[in-house]
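Student: what would the 3D arrangement of this be:
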Amino acid sequence: MEQHESTTAGNTPEQVGLSFLTLAYTLREQVDQHMLMSSGLSLSRTKVLRTLATCGALHQAQLAASLGQAPRSVTQIVEALERIGMVARTDDPEDRRRKTVSITDIGRTALRAAEEAGTHVLRQHFGRLEPQQLATLDTLLAHLDVALTGGKTS
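Tutor: The predicted model follows:
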């Protein structure tokens, strides 16, 4: 197996952390590009559609909160998805200022294609690891997650 040439020399926490950030960014970009080429959806748009597919129709503020994003950012994504028919926005009957967002059949089809494209890239890269390496990486990521979140689940 080919050894990754680290972007930093040494194994201090900050050096390992920088290598991790570099690799995570590169992997995210590859997943995003493959999803765009295969489905026309970016990773951020896919997350919006996945949330709607999982949770059902949500008010835009609820959608933003569930994604951990600023409402304005989510509004821009929702508007773009609405223009291409992947989501529908309707007025809330109790408060006309609020909009309820739901995924459409076109959105569900695109979501499936995007998720398949993302899964392909992840299998391609992580499939090169031996089962024990995957288990070790999973354990390390779990420890890092606890360190970052204090054990809180999102």
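Student: can you give me the distance of Leu148 to Ser102?
Tutor: 32 Å (C-beta to C-beta, to the nearest Å). Yep, even glycine has a C-beta here, placed from its N, CA and C like the rest.
Student: my bad, should have said Ala70
Tutor: Using C-beta to C-beta, Ala70 is found at 21 Å from Ser102.
Student: neighbour count winner among those two?
Tutor: Neighbour count, other C-beta atoms under 10 Å: between Ala70 and Ser102, Ser102 has more, with 14 against 10.
Student: so what pLDDT did the residue nearest to that one when sequence neighbours are not counted get?
Tutor: Distances taken as C-beta to C-beta, 6 or more residues apart in numbering put Ala57 closest to Ser102, at 3.9 Å, once the chain neighbours are dropped. Ala57 is assigned 94 on the pLDDT scale.
Student: same question, Glu29
Tutor: The model's pLDDT for Glu29 equals 97.
Student: count of residues packed around it?
Tutor: Around Glu29 there are 11 residues (other C-beta under 10 Å).
Student: phi and psi next, for the residue nearest to Ser102.
Tutor: phi -60, psi 140 (degrees, to the nearest 10).
Student: and what of Ala88?
Tutor: Ala88 adopts backbone torsions of phi -120, psi 140, taken as degrees, to the nearest 10.
Student: hmm, it is touching Lys99, no?
Tutor: No. Counting by C-beta atoms under 8 Å, Ala88 does not reach Lys99; the two are 9.9 Å apart.
Student: where does the prediction get shaky in this structure?
Tutor: Along the chain, segments meeting pLDDT under 70 span 1-9, 153-154.
Student: all strands of it, in order?
Tutor: 58-59, 87-91, 99-103 (DSSP state E).
Student: the last one packs against which elements?
Tutor: Put plainly, it is strand 99-103. Strand 99-103 sits against helix 43-55, strand 58-59, helix 60-67, strand 87-91, with contacts defined as 3 or more C-beta pairs under 8 Å, 6 or more residues apart in numbering; DSSP states H and E.
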